[in-house]
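Chemist: heads up, no residue letters with this:
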């Protein structure tokens with residue numbers, strides 16, 4: 001499915017500072033649903049994001065408390081605050097984007113998420129998502145699922161497992177990612193489909209227009 005073919009509905013997993021493709025998919029549908037009844041999936045966007053650094057793509061991971069195998073519901077996953085990940089993440093974001101055109105404008109909205117402690121990963125991601133949507137001036141909402149369904153209806157685009165940091169985007173969600181200014185573009189070349197904050201810090205109020213391309 002290309003970005004011009006808008007599905008009736010879309011099903012997304014929770015995600016930490018989601019990638020640009022996540023937002024493109026969200027905007028390219030009539031109705032959007034957030035999966036809250038699935039079992040937690042490790043090593044996914046659910047607790048990690050990809051940003052640009054002088055070395056190239058860098059992964060930021062929210063540590064979570066140990067779960068029982070893969071049978072813990074995502075809504076029950078707790079963030080592990082015994083590790084100083086918030087301080088590390090914020091300092092990394094500062095280092096990567098302090099010289100970007102819009103970091104100073106947006107920092108006061110995002111920095112509080114790296115000082116407060118929200119117990120559950122799902123709640124943390126959702127509050128951060130709402131903040132990002134406000135900054136992007138997106139009025140659309142995500143509707144939480146009521147039950148878990150392994151297979152979606154044909155009219156629903158299921159991106160819970162195909163939108164993954166370790167997978168190439170499948171052809172049916174191969175959105176375009178035109179080049180835009182990035183802080184280290186001279187050293188790393190353009191890095192597509194990073195976290196939404198890469199777009200926000202570099203393009204500011206032009207971010208929504210980019211997402212709609």
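Modeler: In hand now; what should we look at? All values derive from a computational prediction rather than experimental measurement.

Chemist: Just name the shakiest helix or strand of this structure by mean pLDDT.
Modeler: Lowest on mean pLDDT, DSSP states H and E among the helices and strands of the chain sits strand 156-158, with a mean of 94.

Chemist: Which elements pack onto the longest helix along the chain?
Modeler: If each helix of the chain is counted by residues according to DSSP state H, the longest one is helix 121-136. If you count contacts as 3 or more C-beta pairs under 8 Å, 6 or more residues apart in numbering; DSSP states H and E, helix 121-136 packs onto helix 103-110, helix 196-203, helix 207-211. Glycine gets a C-beta too; all of them are placed from N, C-alpha and C.

Chemist: And residue 90, how close does it get to residue 46?
Modeler: Residue 90 sits 20 Å away from residue 46, taking C-beta to C-beta, to the nearest Å as the criterion.

Chemist: Between these two, tell me which one has more neighbours.
Modeler: Using other C-beta atoms under 10 Å, the more surrounded residue of residue 90 and residue 46 is residue 46, with 25 against 17.

Chemist: Residue 79 is in contact with the more buried one, correct?
Modeler: No: here residue 46 does not reach residue 79: they are 11.5 Å apart, not a contact under C-beta atoms under 8 Å.

Chemist: Mutual contacts of those two, please.
Modeler: residue 121 (C-beta atoms under 8 Å, 6 or more residues apart in numbering).

Chemist: Now do the residue lying closest to residue 141 once chain neighbours are set aside against residue 197, distance only.
Modeler: Among residues not flanking residue 141 along the chain, residue 32 sits closest, at 7.5 Å (C-beta to C-beta, 6 or more residues apart in numbering). Plainly put, residue 32 is 20 Å away from residue 197 if you go by C-beta to C-beta.
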